[in-house]
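*Asks:* quick one, fold the following:
(chains A and B)
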Amino acid sequence: MLVFAFKRLVSVIPILLGITVIAYFLTRTIPGDVVAVMLGTNADPEVAAQLRRNLRLDQPIIVGYFDWLAALLRGDLGESIRSGLPIGQDLMTRFGRTAQLTLAAIVLATALSIPLGILAAVRRNRAADQVISITALLGISVPDFWLGTLLILFFALKLGWLPPAGYASPSEDPALFLKLLILPTITLAFQVMGILTRFTRGAMLEVLNQDFVRTARAKGVAERAVLYRHALRNALIPVITVIGLNIGFLLSGTILVETIFGWPGVGSLAVTAINQRDYPVVQACVMLFALTFTVVNLVVDLLYGVIDARIRYS
Amino acid sequence: MRHNRMIGFALTILLSGLSVSDAQTRGGTLRVGGQADIVGLDPHTVSAASSAWVAEQIYDSLLTVTPTGEPAPSIAQKWTVSSDGRTYTFNLRPNVKFSDGKALTSKDVVYSLKRITDPKTASPRQNDLGKIASITAPNATTVVIKLKEPFAPFLTKVGGSLMGIMPSGYAEANDVNKKPMGSGPFKYAAWVPGDSVTLERNPHYWEAGKPYLDKVIFKALKDDVTRITNVQTGTVDLALSVPQNQVDTLKKSSSIKLVGGAGTWYDYLGLNLTKKPFGTLKVRQAISLALNRDVIVRTALFGKGTPINCGPIPPSHWAYADCKVQVANQARAKQLLSEAGFANGFDMTIKVGADYKSQVNIAQSIQAQLKPLKINVKVMPMEWGSFLNDFNKKNFDAVVLGWIGSVDPDDYLYYQFRSGEKFNAQGFSDKTVDQLLDQGRRTVDKAKRREIYRKAQQRIAEQVGYVFLHINDQYEAFRPNVQGYVHYSTGSLESLKDTFLKK
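*Replies:* Predicted structure coming up:
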């Protein structure tokens, strides 16, 4: 198990190195540059040229890459061109906030969708199944920005129960933090819940038809135990993969939700940076997303072994 | 010592109480919801509106500009202009201090203005002060600026909110973007990137008793709906850039106050004169006559705008020109087009920034209105960075764009319509216009200038330098307890120093 984990970790290194190449060169080939965006439609060519020199954007792109890579290996992500602030610290703070939102959403979605998925599978094609399946379909189809806006209009504006947008640190004002967390969490969780419910239902149905379940029932094992000890344990494997994928998806998918709810996380940082062509920030965000995906996949791989006896890495 | 201070404090309260009839409340925090986060706070290099709003609270300029566009005293309490219009002498207020308590002297003014004009600073306002021969400080409270040639917009330019004065040598020793230092009503306290900037009262501010607020927090609320909901629920006290489609609904609301009106930001259709067939005057005139600007304002701007037919200067401005040159006339448009040899029309593409939704709508309205002329328009909304890339490379047939006119008529016209000037992306060139614009810069007499700019605008409209469309309205929404706030057509938030919160 440890050897496997180590091997997987080592295999991540060339992948991340490859991503640095993509992150750097792709970012630099987006049409338009930071100077043009900074100066807008009234770009004085003289000023633009000087600004380019000041920002060291006049050096060859390949030199820039190796400078950046060397700094990256020392753990230095550089400074934002627009704000002049060091990126590392800001990125970590924002990643923390996005993680709070993502975790809350994934916990809520998992807590609701696994029981609902099981219920739908057990009551297949009956009223409960149909209600759950339609809700799940709605969750998948309803766009974030629409649901988010609707929740704000109803709960913040009409009822006045919750603040419409903003962020408070949980260590400074935990009550306000929780209040602010509710609406964006629901918005994010609804979609994931739809996907997970359908997956759980499908996986359960498949497992319930298999021989070992029939055997268990034939042996006279109680129905509860058949469902939870035998069927669910096997059905969970694809579900865990999907949860893992969704964590990655959520981390990047919070972009819209963060914009609507004014949640200053890494998603809104990435969008702003791309719009402003703030190259070092875009590169840092891409690296962070890549690293997160890789780590989540690794954890999912390792979890298989814990859950399913057939998959044991040695 | 302590005793003296107490007396001083009591006196200040008494005086500030006496000076106004409606007693202002001191203290409190004003939360302002803007469209974007700041991008830095160096007044000399930033150009984003979000940064400008914050920077103008931290810095004072030599002069200020009133809501109607006249230069007025600020750090300089008096100024004189030599008869040849080339030497400006400013007398500084003696008691101005930076927010760290150090006195502001003429040395700081010389340093700051030289920093703006230094090419190394790469300030977008590098050339805004005209051709400067020298900036000197004969004594601690006098600054003398000599110009190589007369430059009529000089005073309003020097009074611009981003001509801020910082301590001499400050930018070399500090990162101004992160640690700004000025003599304005508020001082920098904290910045949470992506979220908010917090300012605190500058205890050394020179205007007695001001500002009234203890703190101002600028929050970045990108989404239009979110920004408006925040002011409705009281999460922010003042929301900037109210979207045009929300204005009428909000006017009816009792929990919200709305101020605004015609701003200084106008939209235009820019045709690339170096490309066929837009180099042909009759084609440009046909397009400009084919458009019904009332319809565009009604459909794309929800009625929140003023059509313009003769240059971009708004009706409220002293240099407004009212010639009715670019007015819809479908029959004449068709005739001109066939005279130019395009009776069967042609294809063209209008590029527009996708984020600027009203401009996308305007382009679509233009598309519909050019159809009867058999001009087949393709509207191409683009991501802003890519749009700018094409725009700067002059890779476009036509664009729909906005321009913040600012204050002086020169701001509205010179760089866009003078031959070969830096923002003349459409490639407009006309000798008469060039002469008039040069003359306008050299003429200090206001009545004569007005006449010059009237002629210039009429000529530009006739030659279709731009297809002028309309001036946009601008509104701010605030909670009823916010008092003393004044709307500036330029979008300036200078009145925050006079703003207070009624309890």
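*Asks:* contacts, neighbours, all on C-alpha from now
*Replies:* Noted.
*Asks:* so where do the helices sit in chain A?
*Replies:* A:2-29, A:34-39, A:45-54, A:61-73, A:87-122, A:127-141, A:144-151, A:174-208, A:211-218, A:223-225, A:233-260, A:266-276, A:279-307 (DSSP state H).
*Asks:* cool, and the stretch 251-400 of chain B?
*Replies:* B:281-290, B:293-300, B:330-339, B:357-370, B:384-392 (DSSP state H, counting those that start in this stretch).
*Asks:* got a pLDDT number for the closest residue to residue B:227 other than its chain neighbours?
*Replies:* Closest residue in space to residue B:227, ignoring its immediate chain neighbours: residue B:221 at 5.5 Å, by C-alpha to C-alpha, 6 or more residues apart in numbering or on different chains. Looking at residue B:221, its pLDDT is 87.
*Asks:* cool, the one 5 residues further on as well?
*Replies:* pLDDT recorded at residue B:226 is 83.
*Asks:* could you list the low-pLDDT ranges of the chain?
*Replies:* Picked chain A for this. Low-confidence segments of chain A (pLDDT under 70): A:1, A:252-253, A:307-314.
*Asks:* oops, I was thinking of chain B
*Replies:* B:1-22.
*Asks:* assign the spatially most central residue of it to helix, strand or coil.
*Replies:* The residue lying closest to the centre of chain B (C-alpha atoms, centre = their mean) is residue B:406, at 4.2 Å. At residue B:406 the chain is in coil, as set by DSSP: H, G, I helix; E, B strand; the rest coil.
*Asks:* could you pull up the residues touching it?
*Replies:* Residue B:406 sits next to B:264, B:265, B:412, B:490 when contact means C-alpha atoms under 8 Å, 6 or more residues apart in numbering or on different chains.
*Asks:* now these in TSV, with distance to chain A?
*Replies:* Compiled in TSV, those are given as follows (distance: C-alpha to the nearest C-alpha, whole Å):
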residue	distance to chain A
B:264	16
B:265	14
B:412	12
B:490	17
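*Asks:* now list the buried members of these.
*Replies:* B:264, B:265, B:412, B:490 (16 or more other C-alpha atoms under 10 Å in any protein chain shown).
*Asks:* just the ones of the residues you listed in strands?
*Replies:* Within the buried ones among the contacts of residue B:406, membership in strands is found for B:264, B:265, as judged by DSSP state E.
*Asks:* and the gap between the residue nearest to the centre of chain B and residue A:249?
*Replies:* In this view, residue B:406 and residue A:249 are 44 Å apart by C-alpha to C-alpha, to the nearest Å.
*Asks:* check residue B:35 too.
*Replies:* Distance from residue B:35 to residue A:249, by C-alpha to C-alpha: 27 Å.
*Asks:* how about residue A:203?
*Replies:* Distance of residue A:203 to residue A:249, given as C-alpha to C-alpha: 21 Å.
*Asks:* strands of the stretch 1-150 of chain B, start to end?
*Replies:* Shown for the stretch 1-150 of chain B, the strands assigned by DSSP state E, counting those that start in this stretch span residues B:29-34, B:63-65, B:71-73, B:76-81, B:87-92, B:132-139, B:142-147.
*Asks:* switch those over to CSV; also include distance to residue B:311.
*Replies:* Compiled in CSV, these are given as follows (distance: least, C-alpha to C-alpha, whole Å):
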stretch, distance to residue B:311
strand B:29-34, 30
strand B:63-65, 23
strand B:71-73, 23
strand B:76-81, 30
strand B:87-92, 31
strand B:132-139, 29
strand B:142-147, 29
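*Asks:* so can I have a markdown table of those strands showing mean neighbour count?
*Replies:* Shown next, in a markdown table, are these (neighbours: other C-alpha atoms under 10 Å in any protein chain shown):
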| stretch | mean neighbour count |
| --- | --- |
| strand B:29-34 | 23 |
| strand B:63-65 | 24 |
| strand B:71-73 | 19 |
| strand B:76-81 | 16 |
| strand B:87-92 | 21 |
| strand B:132-139 | 15 |
| strand B:142-147 | 20 |
